[in-house]
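Q: coords please:
(one chain, ligands or ions: 1)
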Amino acid sequence: MWIKNVKLEKGFYKEQGLITSTITELADLYIEDGKIVKIEKSGKAEGKALDAKGYLALPTLKDNHVHLDKGHFGGPWKAVIPMNSVAERIQEEEEFLEDFLEDTPKKAQALIDLITGFGATYLQVQVNIDPVIGLENYHLVREVLENNRHKLDFDMVAFPQHGNLKTYEEGFLVEALKEGIEILGGLDPGKIDKDIEKSLKVSFDLAKKYNRPLDFHLHSPGSLGIYEIERIFKYIENYNMKGRVSISHGLSLGDISFHEGQKMARKFKEYGISINTTQPLERPALPFMLYINEGVQVNVVNDNINDHWSPFGTGDIIEKLNTACQIHDFNDEYSISRTLKAATGGITPLDDQGNQIWPKIGDSADILFVKGESSAHVIARRIPERVVLFKGEFVKGEFEN
Ligand SMILES: [Zn+2]
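A: Numbers count the residues shown, from 1 in each chain. Modelled structure (predicted):
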């Protein structure tokens with residue numbers, strides 16, 4: 001299949017030494033067996049070609065942390081009931097989890113359609129593994145995800161929302177691992193488990209025994225959160241698990257100085273820890289480009305979309321980047337364009353010096369086509385006209401004039 005008139009980023013345009021815009025060029029792409037086989041100058045497409053009408057090609061998006069269970073989206077609208085603590089929120093959820101099961105597949109599908117419709121083709125999906133519903137959400141959401149293999153790749157995370165230790169002691173974490181869940185989640189070893197060492201030991205023992213990566217949800221601010229992270233460094237070293245751990249939220253990383261952040265970022269790089277951040281508006285958001293510039297993989301993520309924790313969330317990772325740019329005051333073409341790394345697993349059309357590095361012949365044909373001028377334009381204006389190609393198949397949208 002030929003796709004003609006595809007806009008590709010070619011380099012940065014400089015005026016008096018400053019990058020002021022992105023240079024683009026029209027190209028024709030030939031797609032075969034899910035791969036990009038030819039990239040030619042515009043006008044080279046032979047025979048029947050699909051016209052991309054000048055849409056810009058970007059790598060498809062990744063949402064590395066999203067909950068597809070226990071939400072309201074896809075069902076009746078509901079805002080949040082005011083509560084005083086996370087413990088109360090967990091108690092609230094214990095009371096409705098069983099009743100929610102019936103609609104879980106329908107709601108999970110609605111969320112998948114929403115998120116993939118914006119251009120995501122990879123989801124890392126959190127599901128509750130807890131003493132109330134055991135593995136039931138896992139089974140229901142997994143089946144829905146399997147039915148969507150034509151438009152996404154995914155991994156699932158066993159998320160012990162009601163406490164790591166409690167869920168482990170009742171046998172559910174081991175059960176989920178034995179059933180093949182891809183990633184083991186952990187939650188606030190200080191605040192929820194109230195025993196940092198015991199909680200981390202259980203997580204790392206299980207990860208080692210069942211050979212799974214770990215994803216810790218860390219919500220504790222300030223020194224408690226930083227202490228938990230420092231203990232995680234130690235456990236990674238002791239269990240020889242460099243490159244196998246991610247930290248979600250890591251809210252305390254938004255509370256430290258720039259200088260401390262730099263030191264922290266080097267540690268994250270050294271231990272191969274990736275970060276998933278929602279870039280919250282209600283508190284200091286971690287300076288994610290500081291970490292990316294030190295070589296850490298940072299993902300800007302949806303997390304929860306309209307559930308009993310929050311009524312907000314649009315499902316669009318580009319919108320999340322837009323918010324992040326506003327929080328950190330990135331206003332210029334170059335700075336905005338660099339944030340795309342946090343939405344694509346690190347892939348950008350141009351490298352930091354402006355050399356074209358994507359797409360290349362032989363790449364998987366996963367392309368988000370957007371009616372925009374450049375990465376920065378798409379992010380700053382949250383351009384809605386999008387067409388999604390996944391493994392060489394169109395899964396969403398049509399090219400508009
Ligand atoms: Zn989460």
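Q: quick one: mean pLDDT for the top helix by length along the chain?
A: Criterion DSSP state H: the longest helix present in the chain is helix 222-239. The pLDDT scores in helix 222-239 average 98.
Q: buried set for it?
A: By neighbour count on 16 or more other Cβ atoms under 10 Å, the buried set for helix 222-239 is Leu224, Gly225, Ile226, Glu228, Ile229, Arg231, Ile232, Phe233, Tyr235, Ile236, Tyr239. Just so you know, the C-beta spots here come from the backbone N, C-alpha and C atoms, and that holds for glycine as well.
Q: which one of these is nearest to Lys178?
A: Distance to Lys178, by Cβ to Cβ, is smallest for Tyr239 among the buried residues of helix 222-239, at 20.1 Å.
Q: sec struct for the closest residue to the closest one other than its chain neighbours, please.
A: Sequence neighbours aside, Phe204 is the residue nearest to Tyr239 in space, at 4.7 Å (criterion: Cβ to Cβ, 6 or more residues apart in numbering). Classification of Phe204 using DSSP: H, G, I helix; E, B strand; the rest coil returns helix.
Q: repeat for Ala158
A: With three-state DSSP as the basis, Ala158 sits in strand.
Q: and the helix or strand hosting Lys107, what does it pack onto?
A: Element membership for Lys107, per DSSP states H and E: helix 104-117. With contacts taken as 3 or more Cβ pairs under 8 Å, 6 or more residues apart in numbering; DSSP states H and E, helix 104-117 sits against strand 61-67, strand 120-128, helix 136-146, strand 386-390, strand 393-396.
Q: and those: which comes nearest Leu290?
A: strand 61-67 (18.6 Å).
Q: mean confidence for that closest one?
A: Here strand 61-67 scores 98 as its mean pLDDT.
Q: same check, this time on stretch 116-124
A: 98.
Q: repeat for stretch 41-53
A: pLDDT averaged over stretch 41-53 gives 93.
Q: how big is the angle separating the lowest-mean-pLDDT helix or strand in the chain from helix 104-117?
A: Ranked by mean pLDDT, DSSP states H and E, the weakest helix or strand in the chain is helix 86-100, scoring a mean of 92. Our comparison of helix 86-100 with helix 104-117, counting by axes from the mean of the first three to the mean of the last three Cα atoms, to 10 degrees, yields an angle of 110 degrees.
Q: dump helix 86-100 to CSV, restricted to CA.
A: The C-alpha atoms that make up helix 86-100 are tabulated as CSV, following Å, rounded to 0.1, in the frame of the first residue of the first chain:
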residue,chain,number,x,y,z
VAL,A,86,-6.8,7.6,50.7
ALA,A,87,-7.8,5.1,53.3
GLU,A,88,-11.4,6.3,53.1
ARG,A,89,-11.2,6.2,49.3
ILE,A,90,-10.1,2.5,49.5
GLN,A,91,-13.0,1.8,51.9
GLU,A,92,-15.4,3.4,49.4
GLU,A,93,-14.1,1.2,46.7
GLU,A,94,-14.4,-2.0,48.8
GLU,A,95,-18.1,-1.4,48.9
PHE,A,96,-18.7,-1.0,45.1
LEU,A,97,-16.2,-3.3,43.5
GLU,A,98,-18.4,-6.3,43.3
ASP,A,99,-21.4,-4.3,41.9
PHE,A,100,-19.2,-2.8,39.2
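Q: other residues contacting that helix?
A: Residues outside helix 86-100 that contact it (Cβ atoms under 8 Å, 6 or more residues apart in numbering): 69-70, 81, 83, 128, 130, 132-133, 137, 161-162, 188, 191-192, 219, 308-309.
Q: neighbours of Phe36, how many?
A: That one is not Phe; residue 36 is Ile. Applying other Cβ atoms under 10 Å, we find 23 residues neighbouring Ile36.
Q: so what pairs up with it in the strands?
A: Beta-bridge partners recorded for Ile36 (DSSP bridges): Ile31.
Q: pLDDT at it, what is it?
A: For Ile36, the pLDDT comes out at 98.
Q: residues touching it, list them.
A: Leu29, Tyr30, Pro359, Lys360, Ile361, Gly362, Asp363, Ser364, Ala365.
Q: show me which of those is closest to Thr20.
A: For these, the nearest to Thr20 is Pro359 (24.6 Å; Cβ to Cβ).
Q: ok, now how distant is the closest residue to that closest one other than its chain neighbours from Ile23?
A: Closest residue to Pro359 apart from its sequence neighbours, by Cβ to Cβ, 6+ apart: Ile36 at 5.3 Å. As judged by Cβ to Cβ, to the nearest Å, Ile36 and Ile23 stand 21 Å apart.
Q: repeat for Val157
A: 40 Å.
Q: do the same with Gly185
A: Gly185 is 43 Å from Ile23, by Cβ to Cβ.
Q: then Thr116?
A: In terms of Cβ to Cβ, Thr116 sits 30 Å off from Ile23.
Q: which of these two has more neighbours?
A: Applying other Cβ under 10 Å to Thr116 and Ile23 shows that Thr116 carries more neighbours, namely 23 against 15.
Q: correct me, but the more buried one touches His150?
A: No. Applying Cβ atoms under 8 Å, one finds Thr116 not in contact with His150, separated by 10.3 Å.
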